[in-house]
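S.K.: model this:
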Amino acid sequence: MSLSTLRFSTFSVASQVFYQSQSRLSFAFVNLKPIVPGHVLVVPRRVVPRLRDLTPDEVTDLFASVHQISRVIEVEYKAQALNIALQDGPMAGQSVPHVHVHIIPRRAKDFEPLDEMYNALDAKNLSQDFAEAYAARPLRAERKAFEAEQRERQRGNVESPFSGIEDMERRPRGTDEMRIEALRLSGLFPEENRGITEEESGETPMTGRID
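M.R.: Presented below is the predicted three-dimensional model:
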């Protein structure tokens, strides 16, 4: 399946996809505006608004994917716990009409009090975030400049490409920044589950797979 066919509601997330289930009924992608580093979304391939709209096979596949991905995320981000959240409908805080499960790594004192995370999650308007980010997406020349900067970072000439992901301003991230993170995470999964690949991204994946 081509990643270009994958949508989060009406938005193409091809450059953000790091995981696809073996049956291709669900996939996962890095977040446009993560609450904490490693905050990712898992969705059914079919765009439906409510959990009740999914078939039994889609539900099984979605939560099997959540189970597999959560193990990798917890290790990769050195988390001590996870929040796994599904906001099922607008009155539950859902802002994009496409079933999506949040996987959020937790560490001591990341939110004080601990339940403040739920306020941060409820405050997100993913639909608006995506619309604004796509409206402001960089021109081709700007993307090329970004890619050149990434090459210099890989050579050690400038700071890590992942600095800034951990800031708490929760700024919408650019396509290239998310693609780099997606490639890194993709390399942690078996080949049949990977999303974005080295060939598609032009980058070299960081491996250390967790089966």
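
S.K.: check what pLDDT Val17 gets.
M.R.: With respect to pLDDT, Val17 scores 97.

S.K.: give me the spatial nearest neighbour of it, chain neighbours excluded.
M.R.: Nearest residue to Val17 in three dimensions, chain neighbours excluded: Gly195, at 3.6 Å (Cβ to Cβ, 6 or more residues apart in numbering). In short, each C-beta sits where N, CA and C put it, glycine included.

S.K.: got any ranges where the chain has weak pLDDT?
M.R.: Along the chain, the parts satisfying pLDDT under 70 run over 1, 112-120, 122-171, 198-211.

S.K.: what about 80?
M.R.: Low-confidence segments of the chain (pLDDT under 80): 1-2, 109-171, 197-211.

S.K.: can you pull out the helices in it?
M.R.: In the chain, the helices defined using DSSP state H lie at 56-76, 116-123, 126-135, 140-154, 175-186, 198-201.

S.K.: against Leu188, how distant is the nearest residue to His102 once chain neighbours are set aside?
M.R.: Ranked by Cβ to Cβ, 6+ apart and with sequence neighbours excluded, the top spatial neighbour of His102 is Ala85, at 4.4 Å. Applying Cβ to Cβ, to the nearest Å, the value for Ala85 to Leu188 is 22 Å.

S.K.: and what of Asp88?
M.R.: In terms of Cβ to Cβ, Asp88 sits 28 Å off from Leu188.

S.K.: who has more neighbours out of those two?
M.R.: Leu188 (23 against 14; other Cβ atoms under 10 Å).

S.K.: my guess is the more buried one contacts Glu76, does it?
M.R.: Yes - at 6.3 Å, Leu188 counts as touching Glu76 under the criterion of Cβ atoms under 8 Å.
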